[in-house]
Structures are given as C-alpha cells and as structure tokens.
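**Q** After the sequence you'll find the predicted model.
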Amino acid sequence: MSLNSLLFFLFAVGAIATGIVMITRKNAVTSAVFLIAHFFCLSALYLSLQAQLLALLQILVYAGAIMVLVVFVIMLLNLGAEEKASETLNIRGLLGITVAGVLGVQLLAVFMARPSGHNELPPIATSNGTVEALGRALFTDYIFPFEAISLLLLAAIIGAVLLAKRHLEQVEAPKNISTDDISVQHQLSDKPVH
Amino acid sequence: MQNVPLEYYLALSATLFVIGAIGVLTRRNAIIIFMCIEMMLNAVNLTLVAFSSFLGSISGQIFVFFVMTVAAAEAAVGLAIILALFRNKQTIDVNDINVMKW
C-alpha cells in the first residue's frame, strides 16, 4: 500500500467518523467543533487530488469564516442541549434513516455503474489546481458566472443585514394618521407574538 | 501518481452525503440541520474535485469555487433567518416552528 492510498484511507475514515460524531452530538458547540475537523479532513483529500487552492480555500472559507459565524450564532442564542425526546428513535428518525439509506444505495449504484467499453478513464495528466490555473479559467471562460456570483454576494449581504435587524421601521409614524392605520402598523411591527 | 481509484472518492462522497442527509432528516435543532447541509454541500464538492482531477479538467474546481461562494452567502442569510426566528419564537426547534404548516 503506497503512501497515497494510506493517506486517503486515513482521511476518509477521519471524515466519516467526524461526520457521524457531528450528527449525533446533542450539544451544538460539540457538533461545530467536529464539523471543523471534518472540513480539515476534506481539505487533506483535496490536496491528494492536486487541488491546492481549493484545499486552502476550504480551510479559509469553511473552517474559518463560515464556522466562526455558526459558532458566534450558537453562543449568541445560548441554547442548551436538545431535549431527551429527540434522541429516542421515534418514527420520524427511523423514517429519516430509511430514506437516507435508500438515497445512499442509489448514489452508490450510480457511481459504481460502469458503461460497457469504458473500463478505464483516459489517463490524462492530472491538472493541478494552482492559483494560476484556476485564475486563468475564472477570468477567461467563467467571467460571467464570476460577475454574477459577486451580485449574489451583494444581495446576501443586504439580505442578512435586513433580516438580522431588530426593527425594520425605525422612522416615527406621521402624526396625522388615522387610528386604523396605527393598529395596522402595530400588527406589522416585528414584535414577538405571545 | 494517482493510485487511489476514482470509485473510492465517489463512494466516500456518497457516504458523506448520506450522513448529512440523515442529520437533516433526524435532528431538530435548526443550527445542526444547517451544519448538516454544509456537510452535504462538501460531499458534492468532493465529487466535483475528484472528477476534475481524474478527467484532467479545471472546470470541476471552478464549480467548487462557485459552490463555496454560494455556501458563504447561504450561511450569512440562513443564520440571519435563524436569529430572526429565535427573536420571534424563542426557539429554533424545527418542530415548534409550524406557522406555515396546515
């Protein structure tokens, strides 16, 4: 067994193990920590596939930016662990596992199916995902999706700010407003409904 | 150089996707469901990178780049929604959030 396959099995087992631990923990913070470990395992797998830039981005964007955001929200909400009831295997849990199992069997069947006559993929020299190679493709062939994704990010920033704001209408209501309008405004304001 | 077959990477990514799907279907904490969705996105990313490497084409890695960007946008908006939800209902248990259920 070569070093390459040894590392593959090491990180594959690591990714699966951290994934299983992540979905079974009751505490959200523990789940987040194991998800970060999961992302590091995937990053190592990307490196074994010669995708160097993506391996770095995986750590920077996922383990860095996104998980910091998730942990920040967990701390902000200050939730306890889930109640016991969710841990007992109820009908819903069994149904979920069954559906996911069927999905897994289908995925494996599709992935393992080999079209007749094409028993081996053509042995093309593996591309290397350096910054130069990715940047060249990104700014020539994929320039329009690149610009479109920047618009998406802008929309996401505005949407996140609007959604997380406490009160959407901070302006004072005009004085010459009828009582009906005021009651409607009270209903529309995002006060907690008890 | 490449002596791990493509099928191994595909099987691994299918396994990770199924683990994420089990998490989404069985957990009730909205943040954990959110993290499971991130895990499923990563499983698909692994498929794309594996095909990109084995076919010698850079396009798959460009797709992963875009998926990561969309995941970042989704994280910002999704967590803002969870925050707004918690502010209004004092819970993020998906069983208690049934305003749109009939």
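**A** Thanks, I have the structure now. Residues are numbered from 1 along each chain as shown, chains lettered A, B, ... in the order given.

**Q** roughly how far is the top helix by length along chain B from the heart of the chain?
**A** Longest helix of chain B, by residue count under DSSP state H: helix B:59-89. Averaging C-alpha positions (C-alpha atoms, centre = their mean, to the nearest Å) puts helix B:59-89 10 Å from its chain's average.

**Q** Say whether chain A is contacted by that helix.
**A** Yes: Helix B:59-89 is in contact with chain A by C-beta under 8 Å from any C-beta of the partner chain, via B:59, B:61-62, B:64-66, B:68-77, B:79-84, B:86-89. Where C-beta positions appear, they are placed from N, C-alpha and C, glycine not excepted.

**Q** how about the closest residue to residue B:76 other than its chain neighbours, what does it touch?
**A** Of all residues beyond its chain neighbours, the one nearest residue B:76 is residue A:160 (4.2 Å), with distances taken as C-beta to C-beta, 6 or more residues apart in numbering or on different chains. By C-beta atoms under 8 Å, 6 or more residues apart in numbering or on different chains, the residues touching residue A:160 are B:76, B:77, B:79, B:80.

**Q** Drop anything exposed from the residues of helix B:59-89 next to chain A.
**A** B:61-62, B:64-66, B:68-69, B:71-77, B:79-84, B:86 (16 or more other C-beta atoms under 10 Å in any protein chain shown).

**Q** sorry, back to before: which secondary structure elements does the longest helix of chain B sit against?
**A** helix A:52-57, helix A:67-77, helix A:131-140, helix A:143-164, helix B:30-55 (3 or more C-beta pairs under 8 Å, 6 or more residues apart in numbering or on different chains; DSSP states H and E).

**Q** quick one: buried residues of the third one?
**A** When neighbours are counted by 16+ other C-beta under 10 Å, the buried residues of helix A:131-140 are found to be A:133, A:134, A:137, A:138.

**Q** Give me the contact list for that helix.
**A** Against helix A:131-140 from outside (C-beta under 8 Å, 6+ apart): A:53, A:54, A:127, A:146, B:58, B:59, B:61, B:62, B:65.

**Q** what's the spacing between the last one and residue B:51?
**A** Put plainly, it is residue B:65. Using C-beta to C-beta, to the nearest Å, residue B:65 is found at 15 Å from residue B:51.

**Q** I'd like the distance between residue A:6 and chain B.
**A** Going from residue A:6 to chain B by C-beta to the nearest C-beta, to the nearest Å gives 10 Å.

**Q** Could you find the closest non-adjacent residue to residue B:16?
**A** In space, residue B:16 is closest to residue B:43, 3.9 Å off (C-beta to C-beta, 6+ apart).

**Q** Then residue B:32?
**A** Closest residue to residue B:32 apart from its sequence neighbours, by C-beta to C-beta, 6+ apart: residue A:31 at 5.4 Å.

**Q** need the contact list for the one you found.
**A** A:22, A:23, A:25, B:32, B:35.

**Q** Show me how far whatever helix or strand the first one lives in is from its chain's centre.
**A** Looking back up the chat, that one is residue A:22. Using DSSP states H and E, residue A:22 maps to helix A:3-24. Relative to its chain's centre, helix A:3-24 lies at 18 Å (C-alpha atoms, centre = their mean).

**Q** same thing with stretch B:25-34?
**A** On C-alpha atoms, centre = their mean, the centre of stretch B:25-34 falls 12 Å from the chain's centre.

**Q** got any ranges where chain A has weak pLDDT?
**A** Within chain A, the segments meeting pLDDT under 70 span A:1, A:80-89, A:114-127, A:167-194.

**Q** Can you pull the domain assignment for it?
**A** A:1-77+A:124-141, A:143-194 (automatic domain parsing).
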